[in-house]
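**Q** quick one: sequence and predicted model below, then my questions.
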Amino acid sequence: MGLGRTAGKPRSAGRVARRAAALLATAAALSGTLLATSASAATVSSNQRFTASDGVSLQATISGEGSLSARPAIVEFSPYGRGTTTSAPIPGFNSLLIQIRGTGDSDGRFDALGPRTQLDVVEALQWACHQPWSDGRLGINGFSASAITIYNSLHRPLPCVKAAVLKSGTHELYRDLLVPGGINNLVPGVGVLAGIGAPALIQGPERLLRNPLSALDTILGLAESGFGEILRPTLDGWWRERGMRGDVNHLPILMIDGFFDVESRGAFQAFQELRGDGAHLIVVGAHDGAPKGTDGGAGDARRWFEHFVTGVDNGIEREPRVKLWLADGDREKLLDGRFVQTDASDWPVPGTRWESLALDAAPAGGGHSANDGSLTVGARRQATRQSFIALPSLFTASDPPNAAIVGAAGLNDLTRQLPLLSDMTLAEPFGLSYTTRPLSEPVLSAGPATLEVRLSSSMPSTGIWVVVSDVGPDGKAHPVASGRLNTDFPEVDEAKSLKDAHGTIVQPYGRYDQRKPAAAGQERVYRVELWPIGNRFKAGHRLRLHILGTSIASLPMLPALNTVDVAASRLLVPVLPGSDLRRALGG
């Protein structure tokens, strides 16, 4: 149950780098031998078509080393067209890419990874299992959309599948990507549709020559999916069909995720549901990129397939169930290889304590907001209310998951030159902030966080946007976690919420099935879920809470004057065993 591998202590980046260097040297020597013996074995591929039970034809590409002889196969279902397999070839395995219906060169109507796609998964796996290039043993690989497809399909029996590796992906499409906190995550939704639509357009001429009428289905499917997201603001049956509903297969699944990933919540939730079936969780980076000095989990993924699909005794099942790469102050430092790596037997990490930090109107000093309040471990002080105008906030600062995915596409180069775009300097003045005193010792934080806030608004509906940042001695606040909540959804399902040893809700499971707007000026208590933090707050650093308007990456909401009852609000912060936030703050 302890952290780390040596006396329960986390390992520093330097120590990990030295071990990684030794392993890489060994791997390089082995790979040289392998390449010398297989240099002439070029990859061969064959485009094939699979016909589903409703007569719709799906495009598939099978690839293998040297020939397409019968081997175990790694299968991936992608909506992004040909050549979009997301795993590296594994010696001794074939690779099968199936283009999801209504995307790429597959016919039919895209249903946003819903029931018909899920049935296609079952039927395509049954077909693949009995092809001459398959020996009847299948593994499944997925990343983002292809991982979501599998999570959504696990309630159905998946023929011949022995194991899966799923990188990023959602446990519930509504909560984990498209409408988290009841606030439409507009930019990722548009990005996904563009990513699906572009390959469909590029491969359109081939489809028109083969099946001219299929183009209409493709267009209608993409349009219905796009409008469906916006026209379904509540979590209804349509959304539930696009979430995980159990796993009748009891597959061993390796989940790879990142603390700053745009879908980070999904893998954490899926692991908790599937850990009884032998799931492992590696939090090293996905859409958000992998830190320098790491392979992003690729080596563990290969070993996972080799062990669970072909029976190789490589010890992967005996590795720590949970491996975490924590940032050392911010996302950019993590990517640059400055991290703290720690292992655990479960998630949340056993022994995690959620420290209660009270909001206080007393000035903390150093903040750039209008109020510059304090966060304290003591009792709440004088009753007071503080207000701010909720305006759209700069997403590169206030929205770490969306900033990370855009950063991986090239924005990181800009923010390294202009760091004020990614720290809270430009966003902070437009909201409220509350800051601790400097820490007397480092504190490791990993787990979901929660803001309990009593708030009223001049509008019936407003968005509560919350950021936790790491404030260095230079006064710069670097965002390390965020959360959001539409005030139309004040209720929490206590039975499904995560509670600590004292019965306190530390990860609220919001109810989004019915809107319940407040009257203008009505005070209500809201529990805002922050997606998991993974950060080391160094000695001399401070922790800051920001309450802002919604990110500009979200569907716009009307400006509002929001008022916080400071004395009735608190932040619950996860603290790993071996760290003591209360002591570090002199409490």
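**A** Arrived safely.

**Q** going by C-alpha atoms from here, please, whenever you check contacts or count neighbours.
**A** Noted.

**Q** wait, is Arg245 part of a helix?
**A** No: Arg245: not assigned to a helix; according to DSSP: H, G, I helix; E, B strand; the rest coil it is coil.

**Q** excluding chain neighbours, what is closest to it?
**A** Of all residues not flanking Arg245 in the chain, His155 sits nearest, at 5.6 Å (C-alpha to C-alpha, 6 or more residues apart in numbering).

**Q** list phi and psi for that neighbour.
**A** His155 adopts backbone torsions of phi -80, psi -10, taken as degrees, to the nearest 10.

**Q** try Thr563
**A** The phi/psi pair for Thr563 (degrees, to the nearest 10) is phi -130, psi 130.

**Q** run a quick neighbour tally on it.
**A** 20 (other C-alpha atoms under 10 Å).

**Q** that one and Gly510: what is the separation?
**A** Distance, Thr563 to Gly510, using C-alpha to C-alpha, to the nearest Å: 22 Å.

**Q** the residue nearest to Arg245 contacts Arg242, correct?
**A** No: between His155 and Arg242 there is no contact under C-alpha atoms under 8 Å: 11.5 Å.

**Q** more neighbours: which of these two?
**A** Legend: neighbour count by other C-alpha under 10 Å for His155 and Arg242, higher for Arg242 (24 against 16).

**Q** partners of Ile98 in the sheet?
**A** Ala60, Phe77 (DSSP bridges).

**Q** isn't it right next to Thr61, touching?
**A** Yes: assessed by C-alpha under 8 Å, Ile98 is found in contact with Thr61 at 6.6 Å.

**Q** of these two, who's got more company?
**A** Ile98 (31 against 18).

**Q** ok, now which ones touch the more buried one?
**A** Leu58, Gln59, Ala60, Thr61, Val75, Glu76, Phe77, Ser78 (C-alpha atoms under 8 Å, 6 or more residues apart in numbering).

**Q** try it again at 7 Å.
**A** Ile98 is in contact with Gln59, Ala60, Thr61, Glu76, Phe77, Ser78, counting by C-alpha atoms under 7 Å, 6 or more residues apart in numbering.

**Q** now for these: which two are most distant?
**A** For the contacts of Ile98, with distances taken as C-alpha to C-alpha, the pair at the greatest spread is Gln59 and Glu76 (12.2 Å).

**Q** so for the two, which residue has more residues nearby?
**A** More neighbours surround Glu76 than the other of Gln59 and Glu76, with 27 against 21 (other C-alpha under 10 Å).

**Q** re earlier: can you put the contacts of Ile98 in TSV and add pLDDT and distance to Ser356?
**A** Formatted as TSV, these follow (pLDDT from 0 to 100; distance: C-alpha to C-alpha, whole Å):
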residue	pLDDT	distance to Ser356
Gln59	97	53
Ala60	98	53
Thr61	98	53
Glu76	99	44
Phe77	98	44
Ser78	97	43
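
**Q** the residue nearest to Arg245 against Val248, yeah?
**A** Yes: if you go by C-alpha atoms under 7 Å, His155 and Val248 touch, sitting 5.4 Å apart.

**Q** mind checking how far the spatially most central residue of the chain is from Leu235?
**A** Ranked by distance to the mean C-alpha position of the chain (C-alpha atoms, centre = their mean), the top residue is Ser264 at 1.5 Å. Distance from Ser264 to Leu235, counting by C-alpha to C-alpha: 19 Å.

**Q** residues in contact with stretch 474-482?
**A** 330, 366, 397-400, 423-424, 466-471, 530-533.

**Q** could you do stretch 302-310 as well?
**A** With C-alpha under 7 Å, 6+ apart as the test, stretch 302-310 has contacts from Ile90, Arg137, Leu138, Gly139, Lys162, Ala163, Val312, Asp313, Asn314, Ile316.

**Q** identify the residues contacting the helix or strand hosting the fourth one?
**A** Assessed by DSSP states H and E, Gly139 sits inside strand 134-143. Among residues not part of strand 134-143, those counted as contacts by C-alpha under 7 Å, 6+ apart are 70-76, 86, 128-130, 160-169, 305, 309.

**Q** then stretch 547-563?
**A** By C-alpha under 7 Å, 6+ apart, stretch 547-563 touches 183-187, 385-395, 398-399, 430-433, 455-459, 462-467.

**Q** find the nearest non-adjacent residue to Tyr151, please.
**A** Met244 (5.3 Å).

**Q** that older thread, now the buried members of the contacts of stretch 302-310.
**A** Buried by 16 or more other C-alpha atoms under 10 Å: Ile90, Arg137, Leu138, Gly139, Lys162, Ala163, Ile316, out of the contacts of stretch 302-310.

**Q** in TSV: those, plus pLDDT and distance to Leu231.
**A** Listed next are the buried ones among the contacts of stretch 302-310 as TSV, based on pLDDT from 0 to 100; distance: C-alpha to C-alpha, whole Å:
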residue	pLDDT	distance to Leu231
Ile90	96	43
Arg137	99	41
Leu138	99	38
Gly139	99	36
Lys162	99	38
Ala163	99	36
Ile316	99	44
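
**Q** now the residue lying closest to Leu432 once chain neighbours are set aside: how far from Pro429?
**A** With sequence-adjacent residues excluded and distances taken as C-alpha to C-alpha, 6+ apart, Leu432 is closest to Ile547, at 5.2 Å. According to C-alpha to C-alpha, Ile547 stands 10 Å off from Pro429.
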